[in-house]
Each structure stands twice: as structure tokens, then as C-alpha cells.
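Participant: Quick one: sequence and predicted model below, then my questions.
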Amino acid sequence: MLYAKDIKAFYFEPSTTSKFDFVIQNSGKITPLEIKSGTNIKATSFANFIKKNSNIEKGIRFSEINISMKDNIEEYPLYTFEWLMK
């Protein structure tokens, strides 16, 4: 889906003990993405990466939960992915 929209996404593994799905460049800024297939959205690597990097304003997570914002992580339902990643 990202490729079809000409968004370059990179798998990111900041260390051997942590990883998350993608990093994209969005409006000139680095934005980490996390994709979860269910409602269990616990992803400490993702949240810690955002907290440790002051140049990252927010992260975006897609899952089966509703829209919300918590600790600089925007949450969206999976079905919104196509419309938000334009």
C-alpha cells in the first residue's frame, strides 16, 4: 500500500532487542509507523523510540482500536490506513 502511494517506507530495528514496523518521511519529518493486527497494542520499543528522539514529533499506530492520541502516538483503525497515507 505504501509503495503504491509512492511513500518510501523502511523497516527499522534500532537495536537487536527492539524493533517496529516502518519509518517514513512525512512532510519532511521522520515518522515511525506501527501496524498491529489486533487490539493488543503494547509496543514498548515503538513508544521508547519516540520518547528518546526529540526530533520525532509523533508516531502513528494502526490497529483494531478506535482513534485516539496518547504520549505522542496517534492511533487509527486499520481501515483508515488507505485514506491517511496519502
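Facilitator: Happy to help now that I have it.

Participant: what residues are up against the residue most central in space within the chain?
Facilitator: Against the mean C-alpha coordinate of the chain, by Cα atoms, centre = their mean, the closest residue is Leu33 at 1.7 Å. The contact partners of Leu33, taken as Cβ atoms under 8 Å, 6 or more residues apart in numbering, are Ala9, Phe20, Asp21, Phe22, Val23, Ile24, Gly59, Ile60, Arg61, Phe62. Glycine gets a C-beta too; all of them are placed from N, C-alpha and C.

Participant: so the fifth one bridges to which residues?
Facilitator: Beta-bridge partners recorded for Val23 (DSSP bridges): Phe10, Pro32.

Participant: Next, count neighbours for it.
Facilitator: 19 (other Cβ atoms under 10 Å).

Participant: I'd guessed it sits against Phe46; true?
Facilitator: No: Val23 is beyond contact range of Phe46, at 10.8 Å (criterion: Cβ atoms under 8 Å).

Participant: joint contacts of these two?
Facilitator: Applying Cβ under 8 Å, 6+ apart, one finds that Val23 and Phe46 are jointly contacted by Pro32.

Participant: following the longest helix anywhere in the chain, which helix or strand shows up next?
Facilitator: Counting by DSSP state H, the longest helix found in the chain is helix 44-52. Counting by DSSP states H and E, the next helix or strand C-terminal to helix 44-52 is strand 59-63.

Participant: May I see the buried residues of that next one?
Facilitator: Neighbour-count burial for strand 59-63 flags Gly59, Ile60, Arg61, Phe62, Ser63 (criterion: 16 or more other Cβ atoms under 10 Å).

Participant: I appreciate the help and will end here.
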